[in-house]
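*Asks:* Okay, structure incoming, though there's no sequence with it:
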């Protein structure tokens, strides 16, 4: 009930299809008209339901936190909140799903809490989900194997020196790739053909480059 009636964030790109003529084929060819009232309502309901599913996660975290307090291990524990992908809540006229190469699909926040991490500290340094395993290995006192693709974020989390505070991560770009799916072989599209969420031609490889100026 708490989430009922909440609307997906109305960002500048929300239901904005005017820019789709300059995007890749799925948007340029098929997402050419704004969502109507019914589509907007459906998208907002998905947003509400996704928020509501996190209630059980909140409850679980609260239980774990209280157990750690009772066992006096809270100062020996790191909490990591992350996701594997973003989501479309109406951006560029797509009311749901997560298969595109734009910021709202590929960028997710990461929250960490634990010993050595300054309270309410924020950094714009970027990290990938492949960095989680190396980070946890180093936090546990292990050695990160050289064959792992990711890099440990511990030097940036714990801010052990002024250099580490001001120097960006060595990796300035990363690969994004996806292989399109279809639900209708005759059309080559996935989902409603009037506003598809995927297609055979929605296959891409691209590089996200970070410029620190």
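*Replies:* Yep, it's here. Here the structure is a predicted model, which means the values were calculated and not measured.

*Asks:* Tell me the spacing between the residue lying closest to residue 126 once chain neighbours are set aside and residue 186.
*Replies:* Among residues not flanking residue 126 along the chain, residue 210 sits closest, at 5.8 Å (Cβ to Cβ, 6 or more residues apart in numbering). (Each C-beta comes from the backbone N, C-alpha and C, glycine too.) Distance, residue 210 to residue 186, using Cβ to Cβ, to the nearest Å: 41 Å.

*Asks:* quick one: which of those two has more around it?
*Replies:* residue 210 (13 against 7; other Cβ atoms under 10 Å).

*Asks:* need the longest helix for the chain.
*Replies:* Looking across the chain with DSSP state H, the single longest helix is helix 37-70.

*Asks:* Relative to the helix or strand just after that one, what are the paired strands and their orientations?
*Replies:* Counting by DSSP states H and E, the next helix or strand C-terminal to helix 37-70 is strand 79-81. Using DSSP bridges, the strands paired with strand 79-81 are strand 111-113 (antiparallel).

*Asks:* Tell me the helices and strands packed up against whatever helix or strand comes next after the partner strand.
*Replies:* Note on strand 111-113: by DSSP H and E, the next helix or strand toward the C-terminus is helix 132-139. The contact analysis (3 or more Cβ pairs under 8 Å, 6 or more residues apart in numbering; DSSP states H and E) places helix 132-139 against helix 154-158.

*Asks:* okay, now residue 14: neighbour count?
*Replies:* Residues contacting residue 14 under the criterion other Cβ under 10 Å number 20.

*Asks:* Grab the nearest non-local neighbour of it.
*Replies:* Leaving aside its sequence neighbours, residue 14 sits nearest to residue 90 (Cβ to Cβ, 6+ apart; 4.7 Å).

*Asks:* wait, what's in contact with the one you found?
*Replies:* By Cβ atoms under 8 Å, 6 or more residues apart in numbering, the contact set of residue 90 is 8, 10, 14, 15, 35, 40, 43.

*Asks:* at 6 Å what do you get?
*Replies:* Residue 90 makes contacts with 8, 14, 15, 43, as judged by Cβ atoms under 6 Å, 6 or more residues apart in numbering.

*Asks:* Could you export the residues you listed as TSV, including pLDDT and secondary structure?
*Replies:* Output for these, formatted as TSV (pLDDT from 0 to 100; DSSP: H, G, I helix; E, B strand; the rest coil):
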residue	pLDDT	secondary structure
8	93	coil
14	96	strand
15	96	coil
43	94	helix
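
*Asks:* Contacts only, for residue 156.
*Replies:* Counting by Cβ under 6 Å, 6+ apart, residue 156 has contacts residue 125.

*Asks:* Flag the shaky bits of the chain, pLDDT-wise.
*Replies:* By pLDDT under 70, the low-scoring segments of the chain are 1-3, 159-172, 211-213.

*Asks:* Tell me which residue is most central in this protein.
*Replies:* residue 108 (2.7 Å; Cα atoms, centre = their mean).

*Asks:* Quick check: that one vs residue 22, distance?
*Replies:* Taking Cβ to Cβ, one finds residue 108 at 25 Å from residue 22.

*Asks:* go on, residue 128?
*Replies:* 27 Å.

*Asks:* Which one's more surrounded, those two?
*Replies:* Taking other Cβ under 10 Å, residue 128 and residue 22 do not tie; residue 128 has more neighbours (15 against 8).
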